[in-house]
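1. Sequence first, predicted model second:
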Amino acid sequence: MDESGSRAPVSDIRYSSHRFGFYGWWVEIDAGDLMQITPHIHAIKTPLGPSPDRFVHVYLVYGDSITLIDTGFSGSEKLVTEYIRSTGRDPSEIRLIILTHAHPDHIGSAKAIRDLTGCMVAAHPLDAPAIENVDPMLLKSPSPGVPPLVGGPVPIGRLLDDGDTISVGRHLTLEVLHTPGHTPGSISLLLQEKMALFTGDAVQAPGRAPIYTDPIALVRSIKRLEKIPAIKHYFPAHDMPAKGDAAYRRLEDSLTYIRRVHTAVKKAASELPGTPDPQALAGRVITALGIHPGAAPPFIARTFLADLNAAGLDDALNE
Ligand SMILES: [Fe+2]
């Protein structure tokens, strides 16, 4: 057992050398990327690119049926369906996909999985429009033979509001927590009987590209999650799972990171004349944070502008 509380990887040997084409790269999936974490919760690290450090988790809740939390980029459906078969279940058992928000690395395979299974797709009302009407740029193949980031739009069959509960099996209830900030309609999910918290991108991991539209909302969302008593399992999208006290440390580490970003933004803005140019601001802050230069600059530049314009962010951080 490690900090995540993970059991040994699911031991289907086929996956120890499983490879599949993904955006023109060959990405090796090893057994450690496919995890049964509790009797009811499984995690699949789906790749975001050729580096093993960049991934998004698809979480599966096994009850009488199977519920997916997020889906990865388009193309991840192959990994999800093969994994389910390797555990002795069948993809046709997927009845529900819950999308924590509308970003392409979370919604990309939803259409393929819905087309395969006929399952319902659920999301928060504020992010649902971007799932039902996907940005056309995300539907274009970036180059011949390479799939688009998102397989297509999907209708949202169930809108999820804060406090809603979803039965996903006997004694398995997911509670919806509206945790905006990363996007307006970002949600987290608490599997109540297991005290397992799925946060999507509502909690920003230190060292990764900070992406949020409303930093004050983000800080309040994380502080709200910190107040949940007795979290046993913490399941973020782009970071490894954690267990018990380590879960709370992750939340606190995220707030520390947001403070660090805010300090760097204020310093960079003070060094630039007049209204800061977004790209110049982003360049300085990225250097100060030591973020990998390949991290999405347009998203990051918007995040830093949102930070700069968030009157009251210091108060929110110190509340
Ligand atoms: Fe996201």
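-> Yes, it's here.

2. partner residues bridging Ile187?
-> Following DSSP bridges, Ile187 is listed with bridge partners His178.

3. pretty sure it is touching Leu177, no?
-> Yes. With contact defined as Cβ atoms under 8 Å, Ile187 counts as touching Leu177 (6.4 Å). All C-beta spots, glycine's among them, are computed from the backbone N, C-alpha and C.

4. what is in contact with these two at once?
-> With contacts taken as Cβ atoms under 8 Å, 6 or more residues apart in numbering, the residues that reach both Ile187 and Leu177 are Asp162.

5. Between those two, point out the one with more neighbours.
-> Shown here are Ile187 and Leu177; by other Cβ atoms under 10 Å, Ile187 has more neighbours (29 against 22).

6. Tell me who's in contact with the more buried one.
-> Ile187 makes contact with 98, 100-101, 123-124, 160, 162, 176-179, 200, 202 under the criterion Cβ under 8 Å, 6+ apart.

7. Kindly report the same for Val285.
-> With contacts defined as Cβ under 8 Å, 6+ apart, Val285 is in contact with 261, 264-265, 268, 300, 304.

8. And the helices in the stretch 1-150 of the chain?
-> Using DSSP state H, counting those that start in this stretch, the helices of the stretch 1-150 of the chain run over 76-86, 104-107, 110-117, 128-132.

9. nope, the stretch 201-319 of the chain is what I meant
-> 215-226, 245-271, 278-289, 297-308, 313-318.

10. Just the angle for the fourth one relative to helix 245-271, thanks.
-> Okay, so that is helix 297-308. Counting by axes from the mean of the first three to the mean of the last three Cα atoms, to 10 degrees, helix 297-308 lies at 80 degrees to helix 245-271.

11. Tell me what angle helix 297-308 forms with helix 278-289.
-> Going by the same axes, to 10 degrees, helix 297-308 makes 90 degrees with helix 278-289.

12. next one: the first one
-> With the same axes, to 10 degrees as the criterion, the two stretches helix 215-226 and helix 278-289 enclose an angle of 40 degrees.

13. Could you list the single helix or strand in the chain with the lowest mean pLDDT?
-> In the chain, no helix or strand scores lower on mean pLDDT, DSSP states H and E than strand 18-22, which sits at a mean of 52.

14. rewinding a little: closest to the ion among the contacts of Val285?
-> Each of those was checked against the ion using Cβ to the ion; the closest is Ile300, at 12.7 Å.

15. So that closest one is in contact with Arg284, correct?
-> No. Assessed by Cβ under 8 Å, Ile300 is found out of contact with Arg284, at 11.6 Å.

16. So those two - more neighbours on which side?
-> Ile300 (22 against 19).

17. ok, now how distant is that one from Ser254?
-> From Ile300 over to Ser254 the distance is 16 Å, taken as Cβ to Cβ, to the nearest Å.

18. for the stretch 151-300 of the chain, what are the low-confidence residue spans?
-> 292-297 (pLDDT under 70).

19. Nearest to the ion: which residue in it?
-> Proximity of the stretch 151-300 of the chain to the ion (Cβ to the ion) peaks at Asp201, 3.7 Å away.

20. Tell me who's in contact with that residue.
-> Counted by Cβ under 8 Å, 6+ apart, Asp201 has contacts 100-101, 103, 106, 182-183, 186, 211, 236-238.

21. what's the farthest-apart pair in those residues?
-> Comparing every pair within those by Cβ to Cβ identifies Thr183 and Pro236 as the most remote, at 15.2 Å.

22. Excluding chain neighbours, what is closest to Lys267?
-> Distances taken as Cβ to Cβ, 6 or more residues apart in numbering place Ala288 nearest to Lys267, at 7.1 Å, with adjacent residues excluded.

23. With Lys140 instead?
-> Here the nearest residue to Lys140 in space, its sequence neighbours aside, is Pro148; by Cβ to Cβ, 6+ apart that works out to 5.7 Å.

24. ok, the one you found - how many residues close by?
-> Neighbour number of Pro148 under other Cβ under 10 Å is 20.

25. Please tell me the pLDDT value assigned to it.
-> According to the prediction, Pro148 has pLDDT 87.

26. Would you map the strands across the stretch 51-200 of the chain?
-> Using DSSP state E, counting those that start in this stretch, the strands of the stretch 51-200 of the chain run over 55-62, 66-69, 94-98, 120-123, 158-159, 165-169, 172-178, 187-191, 196-200.

27. Reformat those strands as CSV; add distance to Ile41.
-> Putting these into CSV (distance: least, Cβ to Cβ, whole Å) gives the following:
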stretch, distance to Ile41
strand 55-62, 6
strand 66-69, 9
strand 94-98, 13
strand 120-123, 18
strand 158-159, 21
strand 165-169, 11
strand 172-178, 10
strand 187-191, 7
strand 196-200, 6
